[in-house]
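Student: Please work out how this folds:
(chains A and B)
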Amino acid sequence: MMIPAALLVIMIPLVATAPAYALRRWQLTTTLVGVLACGAVIFILAHPFGATLALGGLTIDAGTSVNVLGRVLAVRSTDQFPLVLLFCSAAILFLIGWLVSEGWTYVPLGLGMLALLSAGLLIRPFVFAGLAFVAAAALGAIMAQADRSGQGSAGGALRYLVVNTLALPAFLGAGYIVSQASNITDITAQTAAYGPAVVLLAIGLGLLFGAFPIFTWTHSVAKDAPPMVVAFLVTVGGGAVCFLALSLMQDFTWLSNGTSITTYMKVLGAASLVFGGLLAWAQRSFGRVVACAASVEIGISLILLSNSTLLAVETVAFSLLVRALSLGTMALGVALIQRETGSDDFASISGHGRRNPWAALAIAAGGLSLAGIPGTAGFVSRWATARVISRTDMELLVVILLAGASVGIGVVRGLAALFATPVSQDEADATPLAVSPAHSANVRVAVTVALAVALIAILGIAPGMTAPLTNTAAQNYTFYK
Amino acid sequence: MPPVSQLVDLLDRLSQLAATPLLAALAGSTIAILLIRNWRVALPALIVQYVVVGIMLARVIQPGVALITPMAGALVSLALSIAAQRVDDQRAQRGESVAVERIRHVAWRSVPAQVLLRAIAAALVLTAAFGATVRFPLPGSTRDLGLGAYVLLASGILLMATAPEALNVGMGILMFISGVELGYTPLEPSISVSVLLGFMTLLVGIAISYLLLADGGVLLEQPKVHIGTIVPSSNTNSQPTYTIEAPQSESQ
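Tutor: Sure thing, here's the model as predicted:
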C-alpha cells in the first residue's frame, strides 16, 4: 500500500496529540510521545528524495502528492530538510522542557501546531499556507495561555492570535494578485502587476514573524506565557515562517529576482534588531530579556533571508537548531527559577542562583549563546551571519553585534541579580521550595541542564556535525542570485 | 432541528433579498457589538452577523457551501456563550456584577461617556468603510459585498485595538475573519476556501473560548507542590546547614 509522505508528515503529529493529551499528567511520557512523533517524521523525511521507503506492507513515497479539496499537498525536495530541521527543533524543545510542567498544552498542542505548520509548508497554492498558519496560531495562543488563569492573564495569547490573524488578508490578497498577474503576457506589465503582491507578502511574513517593532507579539507573549512555550513559538513558529519565505522565493522567480522583497525584509529585520537591541540591556526580568533576544533573532533571520545566497540560507538553517538549543536552555533555567520564586523579575530572584545553581547555569549558557559569546553555539551562528552580512553591509553587521552584546548585558544583569545577596537574610533562609528538592529530582535537573549546556558547547566547538543537514537544506534551493 | 436541505433552501431564498436590508442588518449587528460590551447582547448580535454573512455569501457561491459560515459561526457563538456563562458564574461567586444584572440595572450615569466614545469611534469606522468601498472597491465583489467586507474588517480591527476584555477582542478577531471571507470568497468561490475558512473559524473560536475562561479566572491554576520550608538547623558547626520542615497540614 502506497502512502504519500506528505500525509504522514501531517498525520503523525496530529494523531500523536491524542496520546500526548491523554498522558499529560505524566510529563516524561507525554514528552516521549512528542519526541517519538517528531522522530518518526524525521525518519520518513531523512530518506533520499524520490526513493521509496518500505515499512512492512507500507510503501512511503515522498514524491507522491495528496489532493485535498482540490489543493495539492506534496513534499518537494526543497521542503524535505527544512521540515527535518523544524521537527528536530521541536524535539529538542520537548526534551529540554520535560522537567518543567508548562501546562497540559505544551506537548499536545505543540504537536498540533507542528502538523498545521507542516501543512502550511506543503500545501499549494500558497494562499492556503496563510490559513494553516493562522490555524496554527490559534493553537499557539492556547499554548501561550497554558493553565494560567486570572484577569489580564490572556493578554499575550490574544496578542499572538491578533497579530497572526492580521496576516491572513495579506496572503489571500497576494494569492489573488499572483493568479491575475500570471495571466498577463507582457513582461513589463506583469512585473508591475506583481508589485502589490510583493508588498502584501512582506506584510504577511512580517506579521507572522512578529517583526513589526511597534505591534509585535514577542514582548506580550514573553511577559505572560511560560518560558518554554515562548521558546517553542519563537523557534518552531518563526522557523516555519522562514521556510515559508524561502519556499515562496523558490516558487516565484518574480519574487526572488526582484529587489523589493529583500528591501522590505531588510528594513523589517533591521527595525526588529534595533528594537530588541536597544531594549535588551535595560530589562528587569528574564522574560523581557527573552523577548528582546527573540526580536534580535527574528531581525537577524529576516536580514539573512534578504540576502538570498547559499551561505545565508545555510546560516538560517543552522541558526534554527542553535535557537532551539539556546532559547530552550535559557527558558528551562527561567522556568525553574519561576517555579521556585513565582517570578522572573530581577528584584525578586536575589540569591536564588546559589540555591539553584543548575537553573543559573542553564540561563547563563542559553543566554550567552543567544548573545553570541565565543565558545557557544550562538557564536558560530553569529560568525556565519557576519560572513554573510559583511559582504554587503558592514553597518548592519555592527548593529547585529551590538544587539547581541545588549542581550548579553541583559543576561549578565539577571545573573548578577540571581547571585546577589538577598535584602533580608531571614527571607533567603525561609524561602519555600516550589520544586521537589528530592535527590532524584535534583539529579534529573542536573543531567538535563548538563546535557543541554554540553550540546551548546559541542555545537560551538564542532558546528560541522550539523553540516550534512544544513548544507543539504540550503543546496536544494535554486533561487540564489 | 430542520434538515440541512431546508436550511439550504432558506438561505437560497434569503439570498434573493435586496442588498439594503442585509446591509442594514449587518451594520446594526456590528454597531450593537461595538457599542454594547455585554455578552448577552453582543453574542446574539454576532450570530445575526454570521447569518447575514452567510446570506450575502449565498449570492456568490452555492447556498450549500455558504451555509458553512453561519453554522461555524453558530457553533463558535455557542462555545463562547458557554464560556461567558461560566465566567459569570465565577464572578457571581466572588460577588461581582454579572452580565444579566448589568442589563437589568443599567448604570445610566456611566453609560453615556462610554457609549458616546464608542459611538464616535464606530461612526468614524463605518464612514471609513463606506469611503473605502467607493475609493478602493474590492476586486470581484459587488459593491454591497465590498461594503460588508470593509465594515467587518474595520470594526474587527477597532475591537481588537480598543477592547480590553478577552471576549470582545475575540469577537473582533472573528469579525475580521468574516470580513476576509466576505471579501475573498467572490474571488475564489470554491468549497475548499469555505471549508478551510470555516475550520479556521472553529479553531480560532475554541482558542478564544479558552482564553475567555482563563481571563475570567475559571481555569484552575496548577497547584505548586509545596513540600516544605527551608529553615536553618540548630547546630554548632561553623558551616550553616538547612533542614526542610513539612507544612503544618502535612505534619498533623
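Student: now residue B:166: how far from residue A:159?
Tutor: 11 Å (CB to CB, to the nearest Å). Where you see a C-beta, it was placed from the backbone N, CA and C, and this is true even at glycine.
Student: who's more crowded, these two?
Tutor: Under the neighbour definition other CB atoms under 10 Å in any protein chain shown, residue B:166 and residue A:159 were set side by side, and residue B:166 has more, 28 against 24.
Student: Return the residues in contact with that one.
Tutor: Residues in contact with residue B:166 (CB atoms under 8 Å, 6 or more residues apart in numbering or on different chains) are A:154, A:158, B:208, B:211-212, B:214-216.
Student: export the residues you listed to JSON lines and tack on neighbour count and pLDDT?
Tutor: JSON lines is the format used below for those (neighbours: other CB atoms under 10 Å in any protein chain shown; pLDDT from 0 to 100):
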{"residue": "A:154", "neighbour count": "29", "pLDDT": "89"}
{"residue": "A:158", "neighbour count": "30", "pLDDT": "93"}
{"residue": "B:208", "neighbour count": "30", "pLDDT": "95"}
{"residue": "B:211", "neighbour count": "27", "pLDDT": "94"}
{"residue": "B:212", "neighbour count": "26", "pLDDT": "93"}
{"residue": "B:214", "neighbour count": "25", "pLDDT": "91"}
{"residue": "B:215", "neighbour count": "28", "pLDDT": "88"}
{"residue": "B:216", "neighbour count": "24", "pLDDT": "85"}
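Student: Need the phi and psi values for residue A:67.
Tutor: For residue A:67, the backbone dihedrals (degrees, to the nearest 10) come out as phi -110, psi 120.
Student: what helix or strand does the most centrally placed residue in chain B sit in?
Tutor: Nearest residue to the geometric centre of chain B (CA atoms, centre = their mean): residue B:171, 2.2 Å. With elements delineated by DSSP states H and E, residue B:171 resides in helix B:166-184, which encompasses its position.
Student: buried sites along the helix or strand just after that helix?
Tutor: Sequence-wise, the next helix or strand downstream of helix B:166-184 (DSSP H and E) is helix B:191-215. Taking 16 or more other CB atoms under 10 Å in any protein chain shown as the neighbour-count basis, helix B:191-215 is seen to contain the buried residues B:193-194, B:196-198, B:200-215.
Student: what helices or strands is helix B:191-215 leaning on?
Tutor: In this structure, helix B:191-215 packs against helix A:127-145, helix A:155-181, helix B:63-66, helix B:68-94, helix B:166-184, with contacts taken as 3 or more CB pairs under 8 Å, 6 or more residues apart in numbering or on different chains; DSSP states H and E.
Student: if we can go back for a sec, turn the contacts of residue B:166 into JSON lines, including distance to residue A:470.
Tutor: Formatted as JSON lines, the contacts of residue B:166 follow (distance: CB to CB, whole Å):
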{"residue": "A:154", "distance to residue A:470": "37"}
{"residue": "A:158", "distance to residue A:470": "36"}
{"residue": "B:208", "distance to residue A:470": "38"}
{"residue": "B:211", "distance to residue A:470": "37"}
{"residue": "B:212", "distance to residue A:470": "42"}
{"residue": "B:214", "distance to residue A:470": "39"}
{"residue": "B:215", "distance to residue A:470": "42"}
{"residue": "B:216", "distance to residue A:470": "46"}
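Student: Most widely separated two among those residues?
Tutor: Pairwise distances across the contacts of residue B:166 (CB to CB) peak at 13.3 Å, for the pair A:158 and B:216.
Student: Quick check: phi and psi on residue A:263?
Tutor: For residue A:263, the backbone dihedrals are phi -60, psi -50 (criterion: degrees, to the nearest 10).
Student: try residue A:4
Tutor: The phi/psi pair for residue A:4 (degrees, to the nearest 10) reads phi -70, psi 140.
Student: now do the one 10 residues further on
Tutor: Here the main-chain torsion angles of residue A:14 (degrees, to the nearest 10) amount to phi -70, psi -40.
Student: what do you get for the one 5 residues further on?
Tutor: Backbone torsions of residue A:19, given as degrees, to the nearest 10, read phi -60, psi -30.
Student: That one: neighbour count?
Tutor: Neighbours of residue A:19 under the rule other CB under 10 Å: 19.
Student: any idea how far chain B is from the closest residue to it other than its chain neighbours?
Tutor: The spatial neighbour of residue A:19 that comes closest, neighbours along the chain excluded (CB to CB, 6 or more residues apart in numbering or on different chains), is residue A:33 at 5.1 Å. Taking CB to the nearest CB, to the nearest Å as the measure, residue A:33 and chain B are separated by 20 Å.
Student: and the helix or strand containing residue A:33, average pLDDT?
Tutor: Under the criterion of DSSP H and E, residue A:33 resides in helix A:27-45. When the per-residue pLDDT values of helix A:27-45 are averaged, the result is 93.
Student: Who are the packing partners of that helix?
Tutor: Under the contact rule (3+ CB pairs under 8 Å, 6+ apart), helix A:27-45 is packed against helix A:5-22, helix A:77-96, helix A:106-122.
Student: What are the buried residues along it?
Tutor: By neighbour count, with 16+ other CB under 10 Å as the criterion, the buried positions of helix A:27-45 are A:27, A:29-38, A:40-42, A:44-45.
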